[in-house]
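> Pasted the sequence and its predicted model underneath.
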Amino acid sequence: MSEQRLPPSQYLARGWPVVHYGPIPKLRPETWDLRCFGALTTGTERHLSADEFAALPRSTVHGDLHCVTKFSLLDSEWSGVPTRALLEAVPPAPDVTHVMVWAEYGYSANMSLDDFGAEDSILATHRNGEQLTPEHGWPLRLVVPRLYAWKSAKWVRAVEYLTTDRRGFWEERGYHNVADPWREQRYSYQEEPGHGPALR
Ligand SMILES: Nc1nc2c(c(=O)[nH]1)N[C@H]1C(S)=C(S)[C@@H](COP(=O)(O)O)O[C@H]1N2
Ligand SMILES: [Mo]
């Protein structure tokens, strides 16, 4: 039985590469919180303190990371708060269609509410039982295995609920708005009508 684990044009990474734009942010535990804003069911903004976040339901999911530069990281069990648990704790308004995930230094990535809330999407604190290191996103990173890994923001600080889609950091800079690795949706020039908002 052969299971296709690598999306088209991807190769198996050696070890666990570190990939990001800019410096590794310094963690300030005194001020860390997770901000939820945009179209909420109640109010316009909620800040979850580290303790409040730690009280959310946790689980472990299997998921691969596929970087658009073509390496893939397999054999990962991510532990943390499933995005579905966050969506239950801080429910989006009924007309929310997309989510913008914000990280330290203004990095951002947009995705559909369905992809954000997929059963294998998780706000991870651990991989394979070990706490994430700072270069891999400690204290909190998103993992969305079904999309190219630039959507899996490290050092997550906020989640914005959107009623219309908006491009994040790389989605504004030539990368595909949807980013399904199994369809090889790498670059914005491959986008078809309905894949995303117009490029400015
Ligand atoms: N905040 C932030 N998150 C980020 C990035 C980034 O530049 N900033 N790069 C992304 C990209 S392109 C990839 S491939 C993965 C890499 O995760 P890793 O360094 O844990 O392998 O992180 C993603 N998350
Ligand atoms: Mo990447």
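That came through, no problem. Ligands and ions are numbered 1, 2, ... in the order given.
> Report the distance from stretch 67-87 to the chain centre.
Distance, stretch centre to chain centre, for stretch 67-87: 8 Å (C-alpha atoms, centre = their mean, to the nearest Å).
> in that stretch, what counts as buried?
Taking 16 or more other C-beta atoms under 10 Å as the basis for neighbour counts, the residues of stretch 67-87 that come out buried are 67-68, 71-73, 76, 78-87. All C-beta spots, glycine's among them, are computed from the backbone N, C-alpha and C.
> Export only the CA atoms of that stretch, formatted as PDB.
Taking C-alpha atoms only, stretch 67-87 is exported to PDB below (Å, rounded to 0.1, in the frame of the first residue of the first chain):
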ATOM      1  CA  CYS A  67       7.300  24.900   2.500                       C
ATOM      2  CA  VAL A  68       6.900  26.600  -0.900                       C
ATOM      3  CA  THR A  69      10.700  26.400  -1.300                       C
ATOM      4  CA  LYS A  70       9.900  22.700  -1.700                       C
ATOM      5  CA  PHE A  71      11.000  20.900   1.400                       C
ATOM      6  CA  SER A  72       8.400  19.000   3.500                       C
ATOM      7  CA  LEU A  73       8.600  18.100   7.100                       C
ATOM      8  CA  LEU A  74       6.700  14.900   7.900                       C
ATOM      9  CA  ASP A  75       6.200  12.700  10.900                       C
ATOM     10  CA  SER A  76       5.000  15.500  13.200                       C
ATOM     11  CA  GLU A  77       2.600  15.200  16.100                       C
ATOM     12  CA  TRP A  78       1.600  18.700  17.100                       C
ATOM     13  CA  SER A  79       0.200  19.400  20.600                       C
ATOM     14  CA  GLY A  80      -1.600  22.500  21.600                       C
ATOM     15  CA  VAL A  81      -5.000  24.100  21.300                       C
ATOM     16  CA  PRO A  82      -6.900  23.000  18.200                       C
ATOM     17  CA  THR A  83      -8.200  26.000  16.300                       C
ATOM     18  CA  ARG A  84     -11.700  24.600  16.700                       C
ATOM     19  CA  ALA A  85     -11.400  25.000  20.500                       C
ATOM     20  CA  LEU A  86     -10.400  28.700  20.000                       C
ATOM     21  CA  LEU A  87     -13.400  29.200  17.600                       C
END
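> and that stretch, what's its mean pLDDT?
Stretch 67-87 shows a mean pLDDT of 98.
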